[in-house]
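*Asks:* output the structure for:
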Amino acid sequence: MDKPHLDAIEYIRGISMLGVIGIHIGSQYLANPTPNIHLVALFEIVTRFSVPIFFFISAFGLFYHLDPGVPFSYRNFLRRRLRAVLIPYLVWSAFYILHYTLLFRDPMLLNLRAILKYLFFGFASYQLYFLVILLWFYLFMPVWIWLVRRMTRRGLFFLLLFQIAFDYWSSFLLQPYAIANPYIQVLLVNRLNYWVVHYIFIFVLGGWLGLRFEAFRRFMIRRRPWIVLFFVASLAGLTGYYYWLLYVDHYPPVGAINMAHQLCPAGILYTLGASLFFFTEFTFQRYPHWLNPLFSLLGRHSYFAYLVHPVIITYISLFITRAQLVMTAPLALLFYGAVAAFSVAAAIIVRRIGKRCPIVNELTIGSKG
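*Replies:* As a prediction, this is how the structure comes out:
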């Protein structure tokens, strides 16, 4: 049975895409030796929900449409998911490898061993690791079905505690360079690019809520003030940690954002708060409705915009460098607006081309539409 379309899923995709672009523009802005620390917080801290919330809505969508009365076909599931993610991943990886090889004249990128490493870890471009982790989540789908169907509220609480402990260990305690074996070392050094366990809580939570949407809907109605409060408190906790690192522990801005990220304890709580908050707000839409066409546009084209935006960042940053412009705060904001606008515009153009030539959409976003 087909279930009603949920605008919240599409709208969150669009907001998340804008957040990811913000993170990557923030990295460019940090080229300024004296950046505005508050703008850095906006680019690099406030946006930290962006990647993990993608896993939340991915799992939510999968389980929301999962029919308990129909036996799960792992083979059919993989065929659909691999078409939607693996094919675009390989196409975009090939594009970025060729693009950077020609642009920077780096022959190492055409080394077969290097290419295999790039494909396994998602190194062809810095945003592609998300698709690698998503593919690993899909490969273990029978495990998630078994786990989500048996999960309880108490189980979710203990899974959250496990997530905080594991991510803290992985982010701050694990010393991969102490491993002598070079193969194990490279697997550990690049663990953030493929270890699904870093995001297991938010994925399972998304699936658990998707499977129980009516109960979740009632919860959102009853607890909306508390959801908003938790979101604000979790954001304050993560940004407060960032400012503590700057002013009390005297970290430089780069060091502070490398500590106050989505896998630190405050970041995990912020991801949870943002996931509940945005789903609630976009479900009941207690904001001006004229914004909905914009949210829909962003969500509809978020996949392509997410995949293409590093190209646009590359060429705008090359222009800025050649023009010898200083990356000031106003320029960084203009940079962000230009990348977001050009990325969405490129998505719209290619999507229209794909309607006349469906293989274009199949190769770039894994869909005929």
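*Asks:* next SSE after the host helix or strand of Ile87?
*Replies:* Using DSSP states H and E, Ile87 maps to helix 87-104. Under the assignment DSSP H and E, the closest C-terminal helix or strand after helix 87-104 is helix 112-121.
*Asks:* that next one - contacts with which helices or strands?
*Replies:* In terms of contacts (3 or more C-beta pairs under 8 Å, 6 or more residues apart in numbering; DSSP states H and E), helix 112-121 is packed against helix 87-104, helix 129-139. (Glycine included, C-beta is placed from N, CA and C.)
*Asks:* give me the element Ile23 is part of.
*Replies:* Ile23 belongs to helix 7-29, assigned by DSSP H and E.
*Asks:* by contact count, what packs against that helix?
*Replies:* helix 37-44, helix 50-64, helix 265-284, helix 292-300, helix 302-322, helix 329-356.
*Asks:* show me what the helix holding Ile87 is packed against.
*Replies:* Under the contact criterion of 3+ C-beta pairs under 8 Å, 6+ apart, helix 87-104 touches helix 112-121, helix 129-139, helix 302-322, helix 358-365.
*Asks:* that one: which residues count as buried?
*Replies:* Along helix 87-104, these residues count as buried under the neighbour rule (16 or more other C-beta atoms under 10 Å): Pro88, Tyr89, Val91, Trp92, Ser93, Phe95, Tyr96, Ile97, His99, Tyr100.
*Asks:* picking up where we left off before, closest to Ser73 out of the helices and strands packed on helix 7-29?
*Replies:* helix 50-64 (13.5 Å; C-beta to C-beta).
*Asks:* quick one: the helices in the stretch 151-300 of the chain?
*Replies:* 153-168, 182-189, 200-211, 213-247, 253-259, 265-284, 292-300 (DSSP state H, counting those that start in this stretch).
*Asks:* which of the ones you listed is buried the deepest?
*Replies:* Compared across those, helix 200-211 shows the largest average neighbour count, a mean of 25 (mean count of other C-beta atoms under 10 Å).
*Asks:* report the mean confidence score over it.
*Replies:* Per-residue pLDDT over helix 200-211 has a mean of 97.
*Asks:* before we move on, what about stretch 157-175?
*Replies:* Throughout stretch 157-175, pLDDT has a mean value of 97.
*Asks:* keeping just the C-alphas, turn the helix or strand of the chain with the lowest mean pLDDT into CSV.
*Replies:* Least confident helix or strand of the chain, by mean pLDDT, DSSP states H and E, is helix 112-121 with a mean of 88. Extracted in CSV, the C-alpha atoms of helix 112-121 (Å, rounded to 0.1, in the frame of the first residue of the first chain):
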residue,chain,number,x,y,z
LEU,A,112,44.9,1.8,-11.0
ARG,A,113,45.8,1.2,-7.4
ALA,A,114,45.1,4.8,-6.5
ILE,A,115,41.7,4.7,-8.3
LEU,A,116,40.7,1.5,-6.3
LYS,A,117,41.6,3.3,-3.1
TYR,A,118,39.7,6.3,-4.1
LEU,A,119,36.6,4.3,-4.9
PHE,A,120,36.7,2.3,-1.7
PHE,A,121,37.0,5.3,0.6
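*Asks:* adjust the sequence numbering to begin at 52 for everything that follows.
*Replies:* Sounds good: first residue 52 from here, last item helix 163-172.
*Asks:* how far away from the center of its chain is that helix?
*Replies:* For helix 163-172, the separation from the chain centroid amounts to 22 Å (computed by C-alpha atoms, centre = their mean, to the nearest Å).
*Asks:* next one: stretch 307-317
*Replies:* That offset, for stretch 307-317, works out to 15 Å (C-alpha atoms, centre = their mean).
*Asks:* same question, stretch 282-302
*Replies:* In this view, stretch 282-302 has its centroid 22 Å away from the chain centroid, taken as C-alpha atoms, centre = their mean.
*Asks:* now do stretch 78-85
*Replies:* The answer for stretch 78-85 is 22 Å, by C-alpha atoms, centre = their mean.
*Asks:* buried residues, it. List them.
*Replies:* Judged by neighbour count using 16+ other C-beta under 10 Å, the buried positions of stretch 78-85 are Gln79, Tyr80, Leu81, Asn83.
*Asks:* quick check, nearest of those residues to Leu211?
*Replies:* Leu211 has its nearest neighbour among the buried residues of stretch 78-85 in Leu81, at 31.2 Å by C-beta to C-beta.
*Asks:* so what pLDDT did the closest one get?
*Replies:* As predicted, Leu81 sits at a pLDDT of 94.
*Asks:* next up, phi/psi of it, please.
*Replies:* Main-chain dihedrals, Leu81, degrees, to the nearest 10: phi -70, psi 0.
*Asks:* hang on, it packs against Leu90?
*Replies:* No. The pair Leu81 and Leu90 does not pass the contact test of C-beta atoms under 8 Å, sitting 10.3 Å apart.
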